[in-house]
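> Sequence plus predicted model, see below.
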Amino acid sequence: MTVTEAAAERLIRIGEVARGAGVSVRAVRYYEQQGLLIAGRSPSGQRLYRQDAIPLVRFFQQMFAAGLTSRRITELLPCWDSGHTGAGQRAMLHAERDRIQAKVDDLQAALDRLDQVIAVTDTHP
């Protein structure tokens, strides 16, 4: 990304990306180091990002929270960018979805159990 491209689209600095996505500047740098995010540079060397970096960083956060690795997220990026996938990518997407759903189901069972314990303790002083 060059400064002339910046004239066509407003680029934002790393702090704006971090604030907009609710993460630290360090996290944004990490995503860049992992090859998940690409920054241009201003003439003074400051990192500059496209505005769509904010929702992309939010996506990374969600995927990391769901247990995906940066390598797996890298495999998802073409799906994010183009909306098109091959059979292998679709299989991977479905496998990740199934894994996350199992995690959600386990958490829901734990929540239900905790609600039972709370109900019992609410009836006893």
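Cool, got the structure.

> list the contacts for the residue lying closest to residue 64 once chain neighbours are set aside?
Closest residue to residue 64 apart from its sequence neighbours, by C-beta to C-beta, 6 or more residues apart in numbering: residue 73 at 7.5 Å. Every C-beta, even on glycine, is put in place using the N, C-alpha and C of the backbone. Taking C-beta atoms under 8 Å, 6 or more residues apart in numbering, we find residue 73 in contact with 36, 60, 63, 64.

> Over to the third one. Which of the three states is it?
Under the three-state scheme (DSSP: H, G, I helix; E, B strand; the rest coil), residue 63 adopts helix.

> just wondering, since we're on the residue nearest to it when sequence neighbours are not counted, how far is it from residue 40?
Using C-beta to C-beta, 6+ apart and skipping residues adjacent in sequence, the residue nearest residue 63 is residue 73, 5.0 Å away. As judged by C-beta to C-beta, to the nearest Å, residue 73 and residue 40 stand 21 Å apart.
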